[in-house]
Structures are given as structure tokens and as C-alpha cells.
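Structure, please.
(chains A and B)
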Amino acid sequence: MTQLSIAELSKDLRVAIERLEQKEGLESVGVVVRVGDGVAWVHGLHKAGYSEVLKIETANGVVEAFALNLMEDEIGAVLLGTDSEVSAGDTVRLSGSVLKVPVGPELLGRVVDPLGRPLDGAGPIKTKQFGLVEREAIGVMDRKSVFEPLMTGVMAIDAMFPIGRGQRELIIGDRQTGKTALTIDTMINQGKQKTGVVNVYVAIGQKLSKVARLIDRLKAEGVMDQTIVVATGPSDPASLLYLAPYAATAMGEYFRDNKQHALMIYDDLTKHAVAYRQMSLLLRRPPGREAYPGDVFYLHSRLLERSAKLSDKLGGGSLTALPIIETQAGDISAYIPTNVISITDGQIFLETDLFYQGIRPAISAGLSVSRVGGAAQTKAVKSVSSHLKLGLSQFRELASFAQFGSDLDDATKAQIDRGQRLTELLKQHQYQPASIWEQVASIFAVTNGLFDNVLPAKIKDAQTALLTRLWKDHKPAMQELEKGDKPTDATIKALTDVAKAAAKGFESK
Amino acid sequence: MAVRLSRRKITEYIADSLVAGASEKDIVTSLAAYLIDSRRTSEIELIIRDLDYQLSVRGIVLANVSSAYTLSEETKKAIIAMLKDATGATSIELEEHVTPAVLGGVRIDIPGSQIDGTIARRLNLLTTNNTL
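I've put the predicted structure just below:
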């Protein structure tokens, strides 16, 4: 076939398709048969696709819904608004696409709902770009191993359970154990360290007062400019709670696909699973364990698979995820926690007991793990924290054992003493993320025994003295250390000398 | 216990029988007996809608035309020609409704599809800031 005939054939084919598609304005329509509990049952619309947006024409305008149950005789569609406006007999039309939300840098600093509608009263979102709420995750060949660190500023995490860009690290714990606080610190650290990472915080059914406080804090810390907040409250329809993490991920993906780095915080996926359970039961889907539907694993796996580190060919952008799961009485073997633990690349477990002992962040060294972050840890932090996790886990075991007697050998005593100091060191005030050099210097001082004579209660004071002196006397060396490279011999000598001097004022003997 | 038949299967069977020339009276009697026996009489409206759709798939279309004023014969003929072209139907029956609420223009409802060129719809779309 000659070149010319192929071109003609192609043209004819396009014309034929256009003619067939334009059927004189004939649109597929269905009718609402019944409606209630946020679900509309629609008759007709034989060509509707899964998750396709339907437009229901009510007396007061158009209400959107998305088709989730495609059955032989009718469609179950979840309404994106209240069901009071929709009534039986209303006409329903296909939109021809799945749900889309506005994406782009215009969303930075804004608070929006899962449909991208502004909630902050700062005017409309001026973007012409839209992202698909449901999108397939990036394939294997388009990914790259996680290798760049995402510094949280929380010493215990960066030293023991490092997180890399593109990783999914679960934050799990009972209520009131500091799960959200950890993520706020991480967001603040992105601003303070000027990492350029965009934060996307998703509040799923969170109290709006809590979301408002969080936004105020982010504004006060100057991080809101690089943050998008997608907020849903407990009174929002389950459909919006269900959509929130997917819509927010679409917003984060924009940055990932444009050679940038974004951090997703899903607060929390337990409420997300509950919202999906509510929707599924109302859609008459068969209930399974704990009345969750059979695809509750897929609900979270397809969401978290979208977080990835892209290959260089695709620009090398990344989307890191910090999903949050709330446990009941520390039970991490419940249905949803085990699901999300198995999906993610590690978990940070926060313990209630530690929290009330004053060890905050209340990270359990034994139950927490980061499966891929080791490759992404900065060399500087790695050089001082290699045995930290093991030492701390052993200390917590020994400490509970040592409560029953005082006859301990010297080695055990030394381990307990070191552990007490480490525990004190890893305590960190909220909203005060530590930079790389601060982490390296502090951990170096304790793990090398330079603070062994400092009273455990005075460790934080000694740390402050150490950091102040280092910044005052060795600023260029500390700035070099901040770059993340392994400390030089000269830096190590400076750290040792200053740590010894700083410890003097706080020694017990 | 007998398997519950879907409305689609029931109406496919009825449409096939009607097209094949079966007696309408016999089919109606059988369907009524089945609906009473299976306690599904409440579904009668939906079954009629489904039957309309199945017949339209088989080339027999009943179109409901709504307009603010009575349509002229020429307009009706033009609508029938347009519907034949758009749906490929062999038989089209128009049922005309004068509905002042549409304000102006014409709305044509055929099973599963609609052409809505009424002013009422345009106003409704304007209310929700949709494009016309």
C-alpha cells in the first residue's frame, strides 16, 4: 500500500468515526428509580462504565454521582452531594469520564474538598489542568529504587527507620499517641530544610476543628505555601470520604509527574475503610470479615501503589506516602492494620505506654521497621546510627527485666545507662524538627559515650549546650555536615571535643 | 427454589416473541401470571421500560415527543426521519405530549436515549453553571 492511500484511509476512517459518534445529539439517559442513604439506583444507562460520573438532573440543578454497582437491571451510584435534592424519576446522563479534580501548582497553599472545590474562602482555583481521581499505578519499568532521603526531622525516625522518597511508611498506633503530630513535624521539616517537597495532607473524616488547628500551625511555621490540604469532616457524605485520598493523590501525582517530589499524608485510612464499608453495605455488596467488603484490600493497595519513585526517563519525580492507621488497644493484628502493614514498605508503631511515660514521639523500636529506607538514609546519619535500633530494643527489654533486681553485671548496667540516655535524647518536642547536623552531633555524642556521665534528666540540656557551641564555634563544619556526607575526621574531632566540654556542666560524678 | 430471572432476560424473551409474531394477549397473560407468582408485580413499570428498550434494539421504537405547543405534521415527519437515521429503527411510533413546562423547543425520549433541545433544560444547566 502506498503512502498516499494510507493517508487517505486514515482520513476517511476519522470522518467515519466522527459521523458515527455524532448521532444528532442523541444522549444515553437513565432514570432514578429510588434514592436514599446517599445512593441512587438508576434504571437504564446500559453503556455506563465503572466509576463513571453520572449527572442527575434535579429540579434545583445537576447533582453528580459515580457508578459503583453495574448490575444487570440497574446501576447503584453514590451521590457526591446530599440525597435530599434527588428524587425518583429524575433524568440521569452519562458524563463520559471518571471523576477529575483540578491539579497544578495553583493548589499550593489551598484547602479544598475532594472535588477540588475551595474551602478556604480564598477564591476559585485558577487551574486549567485536571487529574483523574482513579488512575492506574506506574508500571515496574517506569520505577526506580528508592534512594533519596525524605528527612522527617524526627531523630528517632531519621536515625532508626529512615524514609526514602517514593516509599510508603505506615504510621500506626492507638488514638492520642501522636500520629498526626509526627506527620505535622515532617511537613514542617520540608519547609524548614527547604527540601522543595510538596506536602499533601488528606483529612479523612477528621474533626474540622483539628484540621483548622493544623492549618493554623502550618501557616505559623511558614509551610502552608508548599502544602495542599484536602479536608473532609465527619458530617460529609461517605462518598466524599471515600474519594478524598484518591483525589489528593491525583493532586500529588501532578508534582511527581513533573519532576518534583511530593509527600502524601493520609489521615487516616481506618476512617477511609469505614466510609467504604458504609458505601458498600448501602450498595448491597456482600459483607465479609468485620462487615468490610471483599475488595477492601484493593481499596488501599491501589491507592498506595500510586506512590512511587519514577525512573530518570520519566523525570525522577517521587510521591512518598505516610498513611495513618488507628488501632484499638494496640492491636496491630486487626483486619485493616494487617492489610495496610502488608501493603506498605514499613511501619512506625506508636505505643500508648511510651506516650504516657513521657517518651514522645512514642515510637516502639521493636515493632517499627523501614524496609527500603536504609538505602536512602543520609551517609552522615547512617555513620552514627548503625547500632541505635538494636541497642534501644535491647535496652527496653533489659529495663523491664532490671526492675525486679539490682544485682546486675557491669555490662548490663552500662547498656541500661546508655539506653536511658538514648531514650532521653530521642525525646523531641513537637514542631521542632531537627536538621541533619543536629541529629548527627546529638546521636554521636551519646552513642560514643561522651554523655555517659551526664544525668539522664540533663541529657536534653547537654544536647542544647552541644548544639549551641557547635553552631557558634564550628559553623562551616556543621554546614558541611548538613549536606549529608559522612563526617570527616576533623569534624569528628570537633564533635568529640565540643561534646566533652558541653557534658562538663551536667555531669553527675 | 427457582432462580430469580433478571428483568433483562424476561424482557428479551418477550421482545423476541413479539417480533417473531407471538400473540400479544398470550404474552401479557403469561407475564402477569409470572409476576404474581414470583411476587414481582411492583416491578411492572420497570419491566415496561425494559421492554421498550429491548423492542428499540430490535428496530421498533416508541418515541415520546414533548413540546410547549402542538407540532405540525412536517415537523413530526422530520422527527421520524431523523430518528430512523439516528437509531436505524425500522418502525417508529410518535407519542406527542404538549408540556408547557418545557417552555420552548422539543424533547424526544426514546428508550435509553434522549434528545433534549428544550429551553427548560438549558435553564437548568445554567443553574448549575454547566456549559450549554
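
Who are the contact partners of residue A:114?
A:101, A:230, A:232, A:240, A:241, A:243, A:244, A:246, A:247, A:248 (CB atoms under 8 Å, 6 or more residues apart in numbering or on different chains). All C-beta spots, glycine's among them, are computed from the backbone N, C-alpha and C.

Go again with 7 Å.
Each residue near residue A:114 by CB atoms under 7 Å, 6 or more residues apart in numbering or on different chains is listed here: A:230, A:232, A:240, A:243, A:244, A:247.

Pull the contacting residues for residue A:441.
By CB under 7 Å, 6+ apart, residue A:441 lies in contact with A:466, A:467, A:470, A:495.

one step back: relative to residue B:18, which of the contacts of residue A:114 is nearest.
Set against residue B:18, the nearest of the contacts of residue A:114 by CB to CB is residue A:243 (44.1 Å).

Filter the contacts of residue A:441 down to just the ones in helices.
In helices, judged by DSSP state H, the following of those are found: A:466, A:467, A:470, A:495.

In TSV, list those residues along with distance to residue A:384 and neighbour count.
Listed next are those as TSV, based on distance: CB to CB, whole Å; neighbours: other CB atoms under 10 Å in any protein chain shown:
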residue	distance to residue A:384	neighbour count
A:466	13	24
A:467	14	20
A:470	14	24
A:495	9	26
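
could you pick out which of these are near chain B?
With CB under 7 Å from any CB of the partner chain as the criterion, these include none near chain B.

Need the three-state assignment for residue A:29.
In the three-state summary, residue A:29 is assigned as strand, counting by DSSP: H, G, I helix; E, B strand; the rest coil.

Next one: the residue most central in space within chain B relative to residue B:21, how far apart?
Taking CA atoms, centre = their mean, the centroid of chain B lies closest to residue B:111, which sits 3.4 Å from it. For residue B:111, the distance to residue B:21 under the criterion CB to CB, to the nearest Å works out to 21 Å.

Can you tell me which residues in chain B are near chain A?
Residues of chain B lying near chain A by CB under 7 Å from any CB: B:6-8, B:46, B:49, B:82, B:86, B:112-115, B:124-125, B:127-128, B:130.

from those residues, which would you call buried?
Neighbour counting by 16 or more other CB atoms under 10 Å in any protein chain shown classes B:7, B:46, B:49, B:82, B:86, B:112, B:113, B:114, B:115, B:124, B:125 among the residues of chain B next to chain A as buried.

And stretch A:199-210, what's buried?
Of the residues in stretch A:199-210, those with enough neighbours to count as buried (16+ other CB under 10 Å) are A:199, A:200, A:201, A:202, A:203, A:204, A:205, A:206.

These in strands, which ones?
Among the buried residues of stretch A:199-210, DSSP state E puts A:199, A:200, A:201, A:202, A:203 in strands.

And the residues you listed, which is closest to residue A:51?
Relative to residue A:51, and with distances defined as CB to CB, the nearest of those is residue A:202, at 18.9 Å.

So which of the residues of chain B next to chain A is the closest to residue A:7?
Nearest to residue A:7 among the residues of chain B next to chain A is residue B:86, at 30.4 Å by CB to CB.

Surely that closest one forms part of a helix?
Yes. Following the definition three-state DSSP, residue B:86 is counted among the residues of a helix.

Report whether the expected contact of it with residue A:26 is present.
Yes. Residue B:86 is in contact with residue A:26 according to CB atoms under 7 Å; the separation is 5.1 Å.

residues in contact with residue A:458?
Contacts for residue A:458 (CB under 7 Å, 6+ apart) come out as residue A:506.

Please apply the same query to residue A:445.
Applying CB under 7 Å, 6+ apart to residue A:445 gives the contacts A:451, A:466, A:499.

Tell me the one of those nearest chain B?
Within these, proximity to chain B (CB to the nearest CB) peaks at residue A:466, which comes in at 60.3 Å.

these two touch, right, the closest one and residue A:500?
No. Checked against CB under 7 Å, the pair residue A:466 and residue A:500 is beyond contact range at 9.7 Å.

How are the strands of chain B distributed by residue range?
Assigned strands in chain B, in chain order: B:60-67, B:91-98, B:106-110, B:113-116 (criterion: DSSP E).

Tell me which of those strands sits nearest to residue A:416.
Go through the strands of chain B one by one with CB to CB and the one that ends up closest to residue A:416 is strand B:113-116, at 78.4 Å.

partners of the closest one, with directions?
Strand B:113-116 has these partner strands in its sheet, going by DSSP bridges: strand A:27-36 (antiparallel), strand B:106-110 (antiparallel).

what's next to that strand, contact-wise?
With contacts defined as CB under 7 Å, 6+ apart, strand B:113-116 is touched by A:24, A:25, A:26, A:27, A:28, A:29, B:107, B:108.

What of stretch A:483-497?
A:378, A:379, A:380, A:383, A:436, A:440, A:441, A:444, A:450, A:474, A:477, A:481.

In a markdown table, list the residues you listed along with secondary structure and pLDDT.
Putting the contacts of stretch A:483-497 into a markdown table (DSSP: H, G, I helix; E, B strand; the rest coil; pLDDT from 0 to 100) gives the following:
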| residue | secondary structure | pLDDT |
| --- | --- | --- |
| A:378 | coil | 93 |
| A:379 | helix | 93 |
| A:380 | helix | 93 |
| A:383 | helix | 91 |
| A:436 | helix | 95 |
| A:440 | helix | 95 |
| A:441 | helix | 95 |
| A:444 | helix | 94 |
| A:450 | coil | 92 |
| A:474 | coil | 94 |
| A:477 | helix | 93 |
| A:481 | helix | 92 |
